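[1] Just need the structure, nothing else, for what follows:
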Amino acid sequence: MIKKRIVERLIVLLLSVTLLLGGCAHTQAESSGFLPETEQGETSGEDSRDGLPAPGGEAEEALSINELRMCILQPESLLPWDVTDNETADFLMLVMDPLFETDEEGHLVPVLAESFECVSDGGYIEITLKPDVRFHNGAALKAADVVYTIGQLKTTENVYRSQVDRILKVEAVSEKVVRLFFAGSGMMHLEGLGFPIVPNQYKEALKPMGTGPYRLEKTETGREMIFAANEAYVKGKPSIETLRVYLVSDASLIFTGFDTTLTNLYQTEVAEWGLYQNNRHVTVHDFRTNQALYLEFNMGSAFSSVFSNRQKIALAISAEAVARNSYYSRGIITETLVRPGTFYKEEPSIQYGYDPERAKDIETVGGNEVVIWYDENDPVSVYAFATISSELEAAGLVVTASADGQYDIAIRRESVTLLETARMAGKESWITEAATEGAVAGGAEALDQAMIGELPVYNLFFLIGGTLTGYGIEGDLKASELRVFGGIEQLTER
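    Presented below is the predicted three-dimensional model:
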C-alpha cells in the first residue's frame, strides 16, 4: 500500500490538475496559485496552510523582500552525519560545500579542492585544498576539517554514508593536503566525494556551519532560520541577500508553501514540477541525474539465470511507454547503466529496442511464470510495474508481484554512479584504476558493451530532475543531482 505521505501529495496533485483543466475563465498561471493574492481574487484555504505562516503580517512582508524562501522539515540536527532525508541534504548544500561535484557531462569539478593526484603505488588520491577558502566563522579550511567530517560520517547512518564507506583511510599530510585511500586509485572515486565539509570538531546541531553561499544569521526556534549571503563565498557573493527557511512538521507543506507563493525555491519529483512547465511565473531548471529506473535480474532464480529469458524481457518492454506512463517522458532512454551525455559516453545504447514480435518468438526456458518485485511506496515504480506487466503478458508470460521478497526481476529506482555500475557488472577494476579521463572513457565503453552482452541488468531510462524557482525570481540555476540549487548565487530578483 502506498504510504500516507505519498497519497496526500498525489491528492494535492490531482487538485492542481483539476484547477489547471477546469474552465476557460482562468489561465494556467492563475489557476496554479502563482500570482499574488490581489491578482488571483481568492486565496487558498487555511487548512492547506496549517503549519505555515498565516496570510498577512509576516508572510506578506516576506513576499516584498529581496530574498529566497524555502521549506524544510523541522530538523533535530543539521550536522551532515545526522541527516537522513534528501530534502534536508539538498538544503545543506546552500550552507556547505563538498570537495568535488560533477557537471552535466560527468567531468569532476573541484569546489573546495584545488587539485588532485592519483597515486597508484600507494593506492591513494592526494587532494590539495584551495588556499583562500574560509568557513562562515572566519576559520580557514584545513585538511583536519576533511578528516573530521569523513570520520563523523562513518559513525552513523546518513544520506552520505555510501559515499564515505568506500574510503578505507583518510589522513592529513599537511595543513592543506589530505590523502584518501581507496581500493584502487582511479579518479572516479572522487565522483562520490559530494558530502559537505564542516569545521574540525564542530558539533552545533542546529547552527549549520560551512563555506557555502549562505551563512546562518538568526533562528526563531521551531519556526524559521534566516541566512545572509556569504560575502567571501568562493564562487562570488550571491546576488540575493537573504535566504529564509521555514521549518514545517509535515512534508506536504513543502509543496503547499511553494504552491501558495509563500516560498519561491523548491525541488521535487517530476510528478509535481511537471505541472509548471508552462507557467510564466515559475522557471523549471532541468538537470540530468544518475538516478536510473532499471530491471535487476536475480541470477539465482531459475527464470533469470537463462540468458534467452533475459533477452525476451528486454525485447518485450517499451522503455518509451514506461517513461511516459511513470515519469512524464522526462528521461534519457538507454539500455545500460552507463549514463549517456557524458565525457565517457555520448550516445544512448540501444541494442535490443522494443520488438514485441521477436519477444513472442523466444520460448522461455523453465516455464513462463515470472515474479516481479517493485517498490509499492514509490509511484514511479508502481506505474512502471503496471506497464511492464501488461507488455510481458502480451509476450506470453504470466506475471505476479512478489509477496515475500523473492523475485525473478526487481524494478529498481536508484542513483548509480559509474563506479557502482562497474561493481554491479563485476568489472570494478575497469574504472577503479582509471587515472585519466581517457582511461575512464575506455573503461566505460568496455563496461557498456559488457552490460549489453551479458545483460546482468536491463536499464529503462535515466531520470531528468527539476528544480523550481517561483514568483519574483529570475536567472538560471546550474542544478545537478548533488546540488539541486547549484548556481544559486547567480539568481536575482525579478
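[2] Distance of residue 151 relative to residue 92?
    Separation of residue 151 from residue 92 (CB to CB, to the nearest Å): 18 Å. (C-beta placed from N, C-alpha, C; glycine too.)
[3] okay, the two: which has more neighbours?
    Of the pair residue 151 and residue 92, residue 92 is the one with more neighbours under other CB atoms under 10 Å, namely 23 against 13.
[4] what about the more buried one, distance to residue 346?
    According to CB to CB, residue 92 and residue 346 sit 33 Å apart.
[5] next one: residue 372
    32 Å.
[6] same question, residue 244
    Residue 244 is 42 Å from residue 346, where distance means CB to CB.
[7] Neighbour count: those two, which is higher?
    Using other CB under 10 Å as the criterion, residue 244 and residue 346 rank with residue 244 on top: 20 against 10.
[8] That one should be in a strand, yeah?
    Yes: using DSSP: H, G, I helix; E, B strand; the rest coil, the assignment for residue 244 is a strand.
[9] residue contacts, the residue lying closest to it once chain neighbours are set aside?
    Take residue 244 and drop its neighbours on the chain: the residue closest to it by CB to CB, 6 or more residues apart in numbering is residue 69, 4.7 Å away. By CB atoms under 8 Å, 6 or more residues apart in numbering, residue 69 lies in contact with 62, 243-246, 257, 262-265.
[10] Among the residues you listed, show me the least confident.
    Least confident of the contacts of residue 69 in the model: residue 62, at 46.
[11] Can you name the helix or strand that residue 323 falls in?
    Using DSSP states H and E, residue 323 sits in helix 319-327.
[12] How far does that helix sit from its chain's centre?
    19 Å (CA atoms, centre = their mean, to the nearest Å).
[13] Stretch 304-317 now?
    Distance, stretch centre to chain centre, for stretch 304-317: 30 Å (CA atoms, centre = their mean).
[14] Report the backbone C-alpha coordinates of that stretch in PDB.
    Extracted in PDB, the C-alpha atoms of stretch 304-317 (Å, rounded to 0.1, in the frame of the first residue of the first chain):
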ATOM      1  CA  SER A 304      16.500 -15.100 -14.800                       C
ATOM      2  CA  SER A 305      19.600 -17.300 -14.900                       C
ATOM      3  CA  VAL A 306      18.800 -18.200 -18.500                       C
ATOM      4  CA  PHE A 307      20.200 -15.600 -20.900                       C
ATOM      5  CA  SER A 308      17.500 -16.100 -23.600                       C
ATOM      6  CA  ASN A 309      14.800 -15.400 -20.900                       C
ATOM      7  CA  ARG A 310      16.500 -12.100 -20.100                       C
ATOM      8  CA  GLN A 311      16.600 -11.300 -23.800                       C
ATOM      9  CA  LYS A 312      12.900 -12.000 -24.100                       C
ATOM     10  CA  ILE A 313      12.200  -9.500 -21.200                       C
ATOM     11  CA  ALA A 314      14.400  -6.800 -22.900                       C
ATOM     12  CA  LEU A 315      12.700  -7.100 -26.200                       C
ATOM     13  CA  ALA A 316       9.200  -7.200 -24.800                       C
ATOM     14  CA  ILE A 317       9.300  -3.900 -22.900                       C
END
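[15] Buried residues, it. List them.
    Of the residues in stretch 304-317, 304, 306, 309-317 count as buried by neighbour count, 16 or more other CB atoms under 10 Å.
[16] can you pull the buried residues of stretch 166-182?
    For stretch 166-182, the buried set under the neighbour-count rule, 16+ other CB under 10 Å, comprises 166-167, 170, 172, 176-182.
[17] Most widely separated two among those residues?
    Farthest apart among the buried residues of stretch 166-182 by CB to CB are 166 and 176. That separation is 23.4 Å.
[18] My understanding was that residue 339 contacts residue 331; is that so?
    No: between residue 339 and residue 331 there is no contact under CB atoms under 8 Å: 11.2 Å.
[19] Name the residues contacting each of those two.
    Jointly contacting residue 339 and residue 331 under the rule CB under 8 Å, 6+ apart are residue 462.
[20] The nearest residue to residue 153 once chain neighbours are set aside is in what secondary structure piece?
    Nearest residue to residue 153, sequence neighbours excluded (CB to CB, 6+ apart): residue 164, at 4.5 Å. Assigned by DSSP H and E, residue 164 belongs to helix 161-165.
[21] tell me the mean pLDDT for that helix?
    Mean per-residue pLDDT for helix 161-165: 92.
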